[in-house]
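take a look and give me a structure for this.
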Amino acid sequence: MIKIAPSLLSADLANLTSECQKAASADLLHFDVMDGSFVPNITFGIPVLSALRKCTTMPLDVHLMIDNPQNYIEPFARAGADCISVHLEAVGPTYIREALHAMEQNGVKKAIALRPITDPDSVLPYIEEVDLILVMTVEPGFGGQSFMDSQLPKIQKVRSLIDRYHPECDLEVDGGINAKTVQKAVAAGANVLVAGSAVFGQPDIPAKIAELRRLAEETPFPGAN
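Next up is the predicted model:
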């Protein structure tokens, strides 16, 4: 099932409630957390997520681009996250396990994320226990970047691993998704599509969401009959 996830990194933050209402036809909202250390930018935190939770009932997909994410799972879960993704590059395997355990304990969907430099086989120790794998198709840290075609083989490889070991797991792609790249991502195996400036900041947000969904659903999905 294709899911569209507008990224609030590109939203009008002075009108967050209105922006959420305009994006209500999407499947979930993507919430990027950056700490200025793991990536060279600072964005949202727990208070903003808590405020967002009060103005929408949409699922909130929280992407932690931060060091030591295992220390922040519970606070973000309490603030309203429905799914939390942590980067495999942020800490060692022991702390990734700790983060996933904390997600389990706090009742949120469990997800891991990969930077462009990361080998797709790195998901193997976790693939059978996570609900979502996020492949970055830009270097994390800034919105508005161009889709990296070099990541298409990685998406394909992660899709093949999911199909083999955990078919119920979602494969999310984040970075440069728009009307020109969405079909590439879906054809490679992505079924959750994060789109920032291709949705927010556009004159007709619902129309842009509908366009992305139509293009995605018109694209043959790997392994589909």
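
my guess is His166 meets Ile127, correct?
Yes: in this structure, His166 is within contact of Ile127 by Cβ atoms under 8 Å, at 5.3 Å. Just so you know, the C-beta spots here come from the backbone N, C-alpha and C atoms, and that holds for glycine as well.

and Ser50, what does it touch?
Ala79, Gly80 (Cβ atoms under 8 Å, 6 or more residues apart in numbering).

ok but it is inside a helix, no?
Yes: counting by DSSP: H, G, I helix; E, B strand; the rest coil, Ser50 is part of a helix.

show me what whatever helix or strand His30 lives in is in contact with.
Element membership for His30, per DSSP states H and E: strand 29-34. Residues external to strand 29-34 that are found in contact with it (Cβ under 8 Å, 6+ apart): 5-9, 20, 23, 41-45, 49, 52, 56, 58-66, 76, 81, 140-141, 143, 174, 194, 196.

return the distance of it from the chain's centre.
Relative to its chain's centre, strand 29-34 lies at 8 Å (Cα atoms, centre = their mean, to the nearest Å).

okay, now Val62: neighbour count?
27 (other Cβ atoms under 10 Å).

number the residues from 560 up from this point.
Sure, I'll start counting at 560 from here, so that last one is Val621.

just the endpoints, please. Distance across stretch 628-641?
16 Å (Cα to Cα, to the nearest Å).

next, the buried residues of that stretch.
Pro628, Gln629, Tyr631, Ile632, Phe635, Ala636, Ala638, Gly639, Ala640, Asp641 (16 or more other Cβ atoms under 10 Å).

among the residues you listed, which ones are in helices?
The helices in this structure, assigned by DSSP state H, contain Ile632, Phe635, Ala636, Ala638 from the buried residues of stretch 628-641.

contacting residues for the second one?
By that I understand Phe635. Phe635 sits next to Val592, Ile605, Leu608, Val621, Leu623, Ile643 when contact means Cβ under 8 Å, 6+ apart.

ok, those residues vs Arg674, which is closest?
Leu623 (12.9 Å; Cβ to Cβ).

which residues does that closest one contact?
Val592, Tyr631, Phe635, Ile643, Ser644, Val645, His646, Ala649.

cool, and Asp641?
With Cβ under 8 Å, 6+ apart, Asp641 has these contacts: Leu587, Pro618, Leu619, Asp620, Val621, Val667, Lys668.

rerun that using 7 Å as the cut-off
With contact set as Cβ atoms under 7 Å, 6 or more residues apart in numbering, Asp641 has these partners: Pro618, Leu619, Asp620, Val667, Lys668.

need the pLDDT of it.
According to the prediction, Asp641 has pLDDT 98.

cool, and Gly703?
Value for Gly703, per-residue pLDDT: 68.

kindly reformat the buried residues of stretch 628-641 as TSV containing distance to Ser709.
Shown next, in TSV, are those (distance: Cβ to Cβ, whole Å):
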residue	distance to Ser709
Pro628	26
Gln629	30
Tyr631	30
Ile632	31
Phe635	31
Ala636	34
Ala638	35
Gly639	35
Ala640	30
Asp641	31
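
report the two of the contacts of Phe635 separated the most.
Of all pairs in these, the most separated under Cβ to Cβ is Ile605 and Ile643 at 12.0 Å.

now the helices for this structure?
Under the criterion DSSP H, the chain carries helices at the ranges 575-581, 605-614, 632-638, 652-665, 711-724, 741-747, 764-777.
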